[in-house]
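Student: Quick one, fold the following:
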Amino acid sequence: MATLAPRGPALEARAKRPRQSAPDSSPGPGERGNGLSWRKATLFGLIFAAIDLAIHIGVDIRAQSVGYGLFRDELYYIVCGRRLAWGYLDNQPVIAVVARFADLVFGHERLWTFRLVPSLAGAALVLIAGLLAHSLGGSRKAQAVAMIAVIGAPEYLGVDTILSMNCLEPVLWMVALLAVLEIAKAPSKTSRRYWWIAFGLAGGLALETKLSGGFFLVCLLAGLLATAQRRILLDRWAALGVALVLAIEAPNFVWQLRRGFPTIQWLVRVSHEGKDVRLGPFDFLWQQVLVLDPFSAIFWIAGLGWLLFGKRMREFRFAGLTALLFVALMLVLHAKIYYVVPVYPVLFAAGAVFCYRALPWTRVSASLPIVYMAVFAAATWYWMPVVLPIVPPAQYAKWEQRLGYRPAETENFRRVALPQLLADMTSWPSFAQQVAVAYHSLPPELRETPQGQLGIYCTNYGEASAVDVYGPAYGLPPAISGHQHYWYWGPRGELGNSLVIVGQERKELSKIYRDLYPIGLVHAPYAMPFEDGATIWYARNRLKSPDAIWKGAKELY
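Tutor: Purely as a prediction, here's the structure:
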């Protein structure tokens with residue numbers, strides 16, 4: 001029978017001594033953070049995801065109530081969704097499918113329902129940031145900090161406010177990267193198999209969402225090859241993951257191949273047109289700090305450094321190399337600021353885990369998520385009015401002056417009342433209505449041609465999409481345009497002897513039509529400069545053949 005040892009003075013003193021604070025015992029690679037299971041980590045992450053979802057829905061409801069509407073590209077994607085194909089000149093098939101789904105299920109009259117997919121994508125990215133921190137061995141508090149960083153980053157809030165390729169891209173990239181992180185420490189072949197399948201699906205859909213996903217996957221491959229984790233590429237299940245990526249991308253590749261890879265030709269042309277703002281390395285990196293919120297810079301910078309140089313991160317060094325290589329590649333290619341944004345969630349996650357391992361487990365570090373959330377909330381409250389569509393267009397200039405901040409433009413256009421993102425959410429229903437008024441001002445006999453109803457030609461895809469989406473309610477025919485993928489849809493027999501043309505200059509039109517009559521003028525004071533004041537012409541007596549006109553109408557920029 002066991003006997004109790006006597007308690008001496010030393011033991012009694014030790015028993016009375018208060019417990020000392022210990023560092024956060026976040027485990028190393030291959031272990032789970034403080035015994036937190038995947039199920040518990042996911043349920044915890046869903047709380048923050050729900051907060052993010054509520055923010056986006058609230059922003060969209062507010063945006064519509066103060067006068068904003070669908071974004072230029074959203075209208076374009078709706079039209080692409082009504083003409084589904086395996087490829088498009090300037091976007092990939094996934095966004096067209098998503099836009100078609102949203103248009104069919106929710107309609108485009110209410111912003112918050114039409115934009116439910118990007119709102120959910122934003123929430124999913126928050127959850128994935130938490131899971132990345134968990135995968136890197138972080139505790140629940142580290143998860144919280146990583147997710148707060150994503151919720152409060154201006155660029156993610158802005159990107160997830162509209163339906164675009166950019167809201168889906170970060171989610172798919174980070175799922176693919178999360179899968180590779182788990183493969184790197186997978187204890188069994190079975191678990192590796194499922195993660196390789198997840199990688200293949202996410203990687204393939206990333207390519208079908210935006211071609212920049214290909215650059216990310218190449219950088220990920222390079223990161224693996226440069227580290228000891230190249231061993232996972234020899235796994236037989238790796239072939240399955242790669243095969244899934246290629247199989248999902250194959251239809252679009254065939255579409256591009258049959259047409260001589262028009263998307264690559266378009267990208268090369270855009271790079272030489274001077275349309276996009278080109279920043280030097282310092283300005284480019286400084287904009288990364290601004291668009292992700294300066295208060296969060298300490299986390300992603302620390303996360304990148306730790307992934308690259310931390311001894312306990314050797315197994316995950318490829319993730320840091322992937323991010324570094326991608327940023328360097330985008331710098332070389334003079335990419336837009338937001339092209340780099342999808343890689344940051346893993347850096348936020350790594351930075352959050354690093355801070356908890358580096359700081360002593362005191363009351364200060366224990367309260368870090370609460371302090372961080374308070375600081376982020378204050379910063380977000382400061383800049384939200386100038387980066388999100390929540391201030392009425394007429395009051396925006398006042399807010400911008402008061403706060404002393406305006407988001408950087410990514411394209412070279414004359415400065416207008418609103419930043420481009422917000423300007424392109426104004427005036428489209430009014431634009432279609434004004435075109436309809438001018439169109440129906442023509443006598444009925446002029447609106448009937450041997451080909452049928454008199455056609456409408458628009459200068460750019462935004463104008464053409466507005467006519468296609470809002471025009472039927474006003475009795476307008478489908479629009480034609482030579483801009484972007486509209487040119488590939490062709491003139492559809494509408495280049496008759498007469499045509500209504502929106503937005504062209506008389507000097508150019510006089511080379512194509514003998515007689516030009518202005519029948520309207522677009523009033524869109526908060527839109528981009530080439531929309532406001534655009535002339536609506538009635539053109540007749542064609543000087544060139546339809547084929548010659550259409551060949552010269554091609555505009556890729």
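
Student: Low-confidence ranges, the protein, go.
Tutor: Within the chain, the ranges that satisfy pLDDT under 70 run 1-35, 271-279, 358-369, 404-416, 450-452.

Student: in what helix or strand does Trp195 lie?
Tutor: helix 189-209 (DSSP states H and E).

Student: Pull the distance from that helix to the chain's centre.
Tutor: Per C-alpha atoms, centre = their mean, to the nearest Å, the displacement of helix 189-209 from the mean C-alpha position of its chain is 20 Å.

Student: Leu205: neighbouring residues, count only.
Tutor: Leu205: 22 surrounding residues under other C-beta atoms under 10 Å. The C-beta positions use only the backbone N, C-alpha and C, and glycine is treated the same way.

Student: could you point out which element follows the longest helix along the chain?
Tutor: Across the chain, the longest stretch assigned as helix under DSSP state H is helix 38-65. Proceeding N to C from helix 38-65, the next assigned helix or strand is helix 72-82, under DSSP H and E.

Student: what angle do the following helix or strand past the helix holding Trp195 and helix 189-209 make?
Tutor: Sequence-wise, the next helix or strand downstream of helix 189-209 (DSSP H and E) is helix 212-225. Following axes from the mean of the first three to the mean of the last three C-alpha atoms, to 10 degrees, one obtains 140 degrees for the angle between helix 212-225 and helix 189-209.

Student: Using CSV, write out every CA atom in helix 212-225.
Tutor: The C-alpha trace of helix 212-225 is given here as CSV (Å, rounded to 0.1, in the frame of the first residue of the first chain):
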residue,chain,number,x,y,z
SER,A,212,-2.2,35.1,-62.1
GLY,A,213,-2.9,31.9,-60.3
GLY,A,214,-0.4,30.3,-62.7
PHE,A,215,2.3,32.6,-61.5
PHE,A,216,1.5,31.7,-57.9
LEU,A,217,1.6,28.0,-58.6
VAL,A,218,5.0,28.4,-60.3
CYS,A,219,6.4,30.3,-57.3
LEU,A,220,5.0,27.6,-55.0
LEU,A,221,6.8,24.9,-57.0
ALA,A,222,10.0,27.0,-57.0
GLY,A,223,9.7,27.4,-53.2
LEU,A,224,9.3,23.7,-52.7
LEU,A,225,12.2,22.8,-55.0
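
Student: Other residues contacting it?
Tutor: 169, 172-173, 176-177, 180, 203, 206-207, 230, 232-233, 245, 317-323, 325-326, 329-330, 335, 339, 342-343 (C-beta atoms under 8 Å, 6 or more residues apart in numbering).

Student: Write a ChimeraX command that selects only the buried members of those residues.
Tutor: Buried members of these, defined by 16 or more other C-beta atoms under 10 Å, are picked up in ChimeraX with:
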select :169,172,173,176,177,180,203,206,207,232,245,317,318,319,320,321,322,323,325,326,329,330,335,339,342,343
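
Student: domain assignment for this protein?
Tutor: Residue ranges for the domains of the chain, per automatic domain parsing: 37-387, 428-553.

Student: Please work out which of those domains is packed deepest.
Tutor: Highest mean neighbour count among the domains of the chain (mean count of other C-beta atoms under 10 Å): domain 37-387, with a mean of 20.

Student: so who does the residue nearest the centre of the chain touch?
Tutor: Residue closest to the average C-alpha location in the chain (C-alpha atoms, centre = their mean): Asn166, at 1.7 Å. Going by C-beta under 8 Å, 6+ apart, Asn166 touches Val159, Lys210, Tyr338, Val341.
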